[in-house]
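*Asks:* The following comprises the amino acid sequence and a computationally predicted model.
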Amino acid sequence: DSTGKGLLDFRSHVDASCRYSEEFTNIYYDCMDKKRRTLTRLYLDKATLVWNGNAVSGQAALGEFFESLPSSEFSVQTLDCQPVHELATQGQTTLLVVTAGQVKFDGHKQRYFNQNFLLTAQASPTSDQPVWKIASDCFRFQDWSS
Amino acid sequence: MASKPVWEQIGAGFVQHYYQQFDSDRTKLADLYTDASCLTWEGVGFQGNKAIMEKITSLPFQAIRHSITAQDHQPTPDSCVMSMVMGQLKADADQVMGFQQTFLLKNVDNKWICTNDMFRLALHNFGA
C-alpha cells in the first residue's frame, strides 16, 4: 500500500540526508577549530547566525565575528538531522541539523553547547552534486542559571 | 520602544502554547503536526501526525512540567520560523533535567504548524 512505500522513501531520504549531515558537521567544526578564516565559505551570502542571542548577518559581519572568537576545540556528542519537507521549502532541498556537545574556547573553561543549522542545497557550476550552504545558524551555551 | 520582529512573536507564541499544552494535556498537540511533519525524539525518528502523536502520548510519565531558560527564533529564506529552545523539565518524581528542542514552523491555512521537531535531553547536565 502507498503508506508503506511512502515510509520507505522517507526513511531512505532521511538516511541519505543524515549521511551528508555527518560529513557537513565534520567539515564545519574542523573549519571552526583549524581553518577559521575559511568558515564563512560555508554560509550563504545572506545567512544569519544567532550566537547566544546576538544576531550576525551576512558574509562581512560573519567574517568579523568569527575572527573575534578565540580559538576553539569542539567535540560533538549528538547529531540529529531531518530533511525539511517540500511543503516548508517550496522545492528547495533543505536539511535541519541539530548538534550538541562541548567546546573549549581559548582562555575560557570548557562548556556544553547546542547548535542548529538550516542547510540548503545550491546547484554547483562544476559538479552535478549540489553544494550545501548554511542559511541559518543558531548557537547557545547550555546554561540553566536563568 | 521597538516591538519584537514578527518571527520572534510567532516563535515565542508557538513555544508558549506548545509547552503549555504538553504540560496540561499533550493529546491536544495533535493540531500542531500534519502528515508531512517529522519528529526526532532522543535520536529516533517519527513521521506524520499519527506516529508523532503515538510517540508523544505514550511517553512514560503522568505529570510533566517544562520551564524555558532560553529561546531563539529566526526567519528562514522561505517564510518559515526556526526556533531553538533550551530549558529544564521535571517528569513525575524524577529529578530535573535539561533539554534542547528545535522546531521549524510553517504557516499553513493561516495556522502555524510544526513541520520539523527535534528533542534531546541534556543527560550529562542535570539541573541544580
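*Replies:* Right, received. Where do you want to start? Everything numeric here is computed off the predicted structure, so don't read it as measured data. Numbers count the residues shown, from 1 in each chain, chains lettered A, B, ... in the order given.

*Asks:* Please enumerate residues in contact with the top helix by length along chain B?
*Replies:* Criterion DSSP state H: the longest helix present in chain B is helix B:6-25. Residues from elsewhere that reach helix B:6-25 (CB atoms under 8 Å, 6 or more residues apart in numbering or on different chains): B:3-4, B:28-29, B:32, B:56, B:64-66, B:68, B:71, B:73-75, B:81, B:83, B:85, B:87, B:103, B:105, B:112, B:114. Quick note: C-beta positions are derived from backbone N, CA and C, even for glycine.

*Asks:* any idea which helix or strand comes after that helix?
*Replies:* Remark: after helix B:6-25, the chain's next helix or strand is strand B:33-41, criterion DSSP states H and E.

*Asks:* Could you tell me which strands sit next to the helix or strand just after that following strand in the sheet, and their orientation?
*Replies:* Note on strand B:33-41: by DSSP H and E, the next helix or strand toward the C-terminus is strand B:44-47. Strand B:44-47 has the following strand partners under DSSP bridges: strand B:33-41 (antiparallel).

*Asks:* Report the distance from the strand it pairs with to the chain centre.
*Replies:* 11 Å (CA atoms, centre = their mean, to the nearest Å).

*Asks:* contacting residues for B:N116?
*Replies:* B:N116 makes contact with A:Q82, A:V84, A:H85, A:A88, A:L96, B:S37, B:C38, B:T102, B:F103, B:L104 under the criterion CB under 8 Å, 6+ apart.

*Asks:* quick one: pLDDT of it?
*Replies:* As predicted, B:N116 sits at a pLDDT of 96.

*Asks:* and it, what helix or strand is that in?
*Replies:* Take DSSP H and E as the rule and B:N116 turns out to sit in strand B:111-126.

*Asks:* now the angle from that strand to helix B:6-25?
*Replies:* Orientation of strand B:111-126 against helix B:6-25 (axes from the mean of the first three to the mean of the last three CA atoms, to 10 degrees) gives an angle of 70 degrees.

*Asks:* Would you mark the buried spots in strand B:111-126?
*Replies:* Within strand B:111-126, the residues that qualify as buried are B:W112, B:I113, B:C114, B:T115, B:N116, B:D117, B:M118, B:F119, B:R120, B:L121, B:A122, counting by 16 or more other CB atoms under 10 Å in any protein chain shown.

*Asks:* so what's B:D109 scoring on pLDDT?
*Replies:* On the pLDDT scale, B:D109 gets 92.

*Asks:* Could you do A:Q92 as well?
*Replies:* pLDDT for A:Q92: 60.

*Asks:* which of the contacts of B:N116 sit farthest apart?
*Replies:* Greatest spacing in the contacts of B:N116, by CB to CB: A:H85 and B:T102 (15.1 Å).

*Asks:* higher neighbour count, those two?
*Replies:* For A:H85 and B:T102, the more surrounded residue by other CB atoms under 10 Å in any protein chain shown is B:T102, and the numbers stand at 26 against 20.

*Asks:* Quick check: the more buried one vs A:T38, distance?
*Replies:* Using CB to CB, to the nearest Å, B:T102 is found at 26 Å from A:T38.

*Asks:* Check A:L79 too.
*Replies:* From A:L79 over to A:T38 (counting by CB to CB), the distance is 21 Å.

*Asks:* which of those two has more neighbours?
*Replies:* A:L79 (17 against 13).

*Asks:* which ones are touching the residue lying closest to the more buried one once chain neighbours are set aside?
*Replies:* In space, A:L79 comes closest to A:T99 once its chain neighbours are excluded; the distance is 5.3 Å by CB to CB, 6 or more residues apart in numbering or on different chains. Counting by CB under 8 Å, 6+ apart, A:T99 touches A:T25, A:V76, A:T78, A:L79, A:D80, A:N114, A:Q115, A:N116, A:F117.

*Asks:* Ok, A:R140 next?
*Replies:* Counting by CB under 8 Å, 6+ apart, A:R140 makes contact with A:N52, A:G53, A:F113, A:N114, A:Q115, B:A70, B:D72, B:M84, B:M86.

*Asks:* Direction included, what does the helix or strand hosting A:Q82 pair against?
*Replies:* Assessed by DSSP H and E, A:Q82 sits inside strand A:72-84. If you go by DSSP bridges, strand A:72-84 pairs up with strand A:94-105 (antiparallel).
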